[in-house]
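**Student:** coords please:
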Amino acid sequence: MKGKRTSKYKSIIGEEKSNKFTNINLVSEVTEGKLIACNGSFIAASWNSTPGAVAILNTHFPSNVKFNCPVLKGHKNSVFDLEFSPLKDTLLATGSDDATVKLWDIPKEGLTQNINEDLLTYKGHNRRVSFVKFNPVAADVIASASTDYTLQVWNIVKGELYSKIEFGDIPTSLDWNPIGSLVGVTNKKKTINIFDPREKKSILVTQIYESPRSPKFTWVSENTFITTGFSKQNVKELKLWDVRKVKEDLKSEGEIQKVVMDNLLTVATPFYDHESKLLFTSAKGELTIKCYDLNDSIIYQNSDYKSKTPALSINMFERRVLDYNKCEIDRFLHYNNKKELNFISFCIARKNPEYEPDLYPPVSIPEAALTYDQWISGENKEPIKKQIHLLDNQYVSKPENYISSNDNTNKDNKNNIDTDALNKIKVIEEKVNEKQKIYDDLLKEKEDLDNKLKEIRKKKEEINDKLNAALKLKAKKDEQKQKEIKENEEKEEKEVEVEPKEEAKQEQNIIETSPKEEAKQEQNIIETSPKEEAKQEQNIIETSLKEEEKENEIKIESEEIEDQKDENKVEINEIHEEESKKEEIKIEENIVEENQEIKIEENVLEQKVEEQAQDQTIGEKNQDEIKDELNEGEVHIVEEKVDENNNTE
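**Tutor:** Predicted coordinates for the structure are as follows:
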């Protein structure tokens, strides 16, 4: 670094404010864009309650945010970048993983219920929209960059594309120059593309770093910009560039200065304050916010701010909402790993801070310097600016030596309040404290009841799991029994098949032997006498009769076996059906008993919760009544003393 440094902001110091938002549930997806946006009225956050939800918080009232708070619902997938218009506080743009950009008009009072209807949906991209950026001076102009590798500039009233350019890889940052004439985009190919949307052509395409880690950039002036990235040796660097030093091949020799930041491998995002000419950088997962001073195009490093918790997302407030009576120069919204949104304020160190005009050059205000048609025709203008102390600013604190016109009278009246009045006020305050204690006890009891209800529901789920397991076991046993029945039937069928085979074999033997016996008998008949012949015929007849009787007996036995088999099958099925019915009846009885017990416990708990809510309502009413009584008492006492003073005079 070179040159003699003359800066009003050398003694700038960062400080975390005590008021903050808690229980912030941002989406967990990794994105190059910003998950939070802020202005003097609202904070927008990519919310994790439902896909595509965006929560809107009131900047002036930090609180514990409910998970199911009112949200903007329109996108089908998560929102990966969002920005409030610098020309209208209530206009918000959101870019989503569903390849669309939506515009929303936020009610002045904030969200009291979910909003499902947007002002306009732009569908010019066909992949994730990573960045959205309003033109800082021209009305109705916005730019969007997508992972379809296109940068598109379009009209937010008609939703019509005006100009488009391809840049060849996933975008890592997007920004307009201060007069809205040029827009730039960096990508993962380590290059930057500076685009003139009205001429519809690139004026600079050059490699800015050698490392493949994501580069980022922001404009410093109409023709100069700052980049953050890594050298070939993975050293984190800041570089200052000038687009006017461009070769014929659109490559630049315009690197003005290079500053080594550190050796950490986290990607730093730059934020530049065009009025104070201060540059801040912050990286996801780091504790430090670095501060640099740009003086005559030379970068000087100021003291860093170190947070107690690492940043997961960060964004910068507009300068017009600063507390100039505290010498506040810049303010950041800081989301950390404890799900908190903190306000980090950078102030000039002063023993007795007060408004110092030389610290506050005119600041940009939410008014368009150009119409859409003027911008298209090629006109350029600086943003409209005013002195900060002339603006309506709810963040400004009263100076330490400030005394209002009514302060002297109020002071006299307060000094005239007698001891009895103070004692009455003390008694009322004690009552308020007692009611507050009762209210806190009721809240604690309510929490205990909620925990018990959760335990009962958990127990109910366990019982249902056990019943399901029992039903599965029963089904498995039934399947096993059916399998055994089928095996027994197959076995019996095989036995029945074997018997006819044996009978057929016997018949075959009879058939084979009978011709032999007949031949033998004929031979005997020929040889024997007529008496023997008659005797043999008698024997043959008797034998044939016996064989017929035997065949009939076998047939009858076979039929009896089949009948017996059918009867056994019917009996087995009846037995299994009876057993299944008994088990089902038993399980149903158990389920009914368990459900009845759970319902009884739930009813008891619901009654307790209702009683708790009633007690809480009564406690709040009593507390309000006591506060009203306190106020009325103070007013009454003051009025009495004023009347006494008037009478005395």
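
**Student:** C-alpha only now, for contacts and for neighbours.
**Tutor:** Noted.

**Student:** Okay, and the beta partners of residue 227?
**Tutor:** residue 217, residue 239 (DSSP bridges).

**Student:** Confirm for me that it is in contact with residue 242.
**Tutor:** No: with contact defined as Cα atoms under 8 Å, residue 227 does not count as touching residue 242 (11.2 Å).

**Student:** Between the two, point out the one with more neighbours.
**Tutor:** Using other Cα atoms under 10 Å, the more surrounded residue of residue 227 and residue 242 is residue 227, with 22 against 18.

**Student:** got the residue ranges for the helices in the stretch 301-450 of the chain?
**Tutor:** 372-376, 407-415, 419-527 (DSSP state H, counting those that start in this stretch).

**Student:** In the first one, which residues are buried?
**Tutor:** Translated: helix 372-376. Judged by neighbour count using 16 or more other Cα atoms under 10 Å, the buried positions of helix 372-376 are 372, 375-376.

**Student:** Include distance to residue 196 and pLDDT when you put those residues into a markdown table, please.
**Tutor:** Below are the buried residues of helix 372-376 laid out as a markdown table (distance: Cα to Cα, whole Å; pLDDT from 0 to 100):
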| residue | distance to residue 196 | pLDDT |
| --- | --- | --- |
| 372 | 16 | 94 |
| 375 | 12 | 95 |
| 376 | 11 | 94 |
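
**Student:** Turn these into CSV, columns for distance to residue 24.
**Tutor:** Shown next, in CSV, are the buried residues of helix 372-376 (distance: Cα to Cα, whole Å):
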residue, distance to residue 24
372, 37
375, 39
376, 41
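
**Student:** Output the below-cut-off pLDDT ranges for the stretch 401-550 of the chain.
**Tutor:** The model of the stretch 401-550 of the chain has pLDDT under 70 over residues 401-426, 496-534, 537.

**Student:** close enough to count as contact, residue 229 and residue 192?
**Tutor:** No: when contacts are counted by Cα under 8 Å, residue 229 is not listed as touching residue 192 (11.7 Å).

**Student:** avg pLDDT for stretch 20-40?
**Tutor:** In this model, stretch 20-40 carries a mean pLDDT of 92.

**Student:** picking that back up, tell me the one among the buried residues of helix 372-376 nearest to residue 22.
**Tutor:** residue 372 (40.3 Å; Cα to Cα).

**Student:** Against residue 144, how distant is the closest one?
**Tutor:** Here residue 372 is placed at a distance of 17 Å from residue 144 (Cα to Cα, to the nearest Å).

**Student:** Same check on residue 212?
**Tutor:** Relative to residue 144, residue 212 is positioned 23 Å away (Cα to Cα).

**Student:** So which of these two has more stuff around it?
**Tutor:** For residue 212 versus residue 144, neighbours defined as other Cα under 10 Å are more numerous around residue 144 (28 against 15).

**Student:** Not counting residues beside it along the chain, what's closest to the more buried one?
**Tutor:** If the residues on either side of it in the chain are set aside, residue 144 comes closest to residue 132, at 4.5 Å by Cα to Cα, 6 or more residues apart in numbering.

**Student:** Could you do residue 185 as well?
**Tutor:** Nearest non-adjacent residue to residue 185, counting by Cα to Cα, 6+ apart: residue 174, 4.6 Å away.

**Student:** what about that neighbour, helix or strand, and which?
**Tutor:** For residue 174, the host element (DSSP states H and E) is strand 171-176.

**Student:** Quick check: what element follows that strand along the chain?
**Tutor:** Next along from strand 171-176, by DSSP H and E: strand 183-187.

**Student:** so who does residue 65 touch?
**Tutor:** Counting by Cα atoms under 8 Å, 6 or more residues apart in numbering, residue 65 makes contact with 21-24.

**Student:** let's see 10 Å
**Tutor:** By Cα atoms under 10 Å, 6 or more residues apart in numbering, the residues touching residue 65 are 21-25, 55, 57, 340.

**Student:** Please report the distance of it from residue 309.
**Tutor:** Distance from residue 65 to residue 309, by Cα to Cα: 19 Å.

**Student:** Spatially nearest residue to residue 229 (excluding sequence neighbours)?
**Tutor:** Residue nearest to residue 229 in three dimensions, not counting chain neighbours: residue 215, with 4.6 Å by Cα to Cα, 6+ apart.

**Student:** er, residue 348 actually
**Tutor:** Spatial nearest neighbour of residue 348, chain neighbours left out: residue 12 (4.5 Å); criterion: Cα to Cα, 6+ apart.

**Student:** okay, and the helix or strand of the chain with the least pLDDT?
**Tutor:** helix 407-415 (a mean of 45; mean pLDDT, DSSP states H and E).

**Student:** doesn't residue 138 make contact with residue 154?
**Tutor:** No: with contacts counted by Cα atoms under 10 Å, residue 154 stays clear of residue 138, the gap being 11.9 Å.
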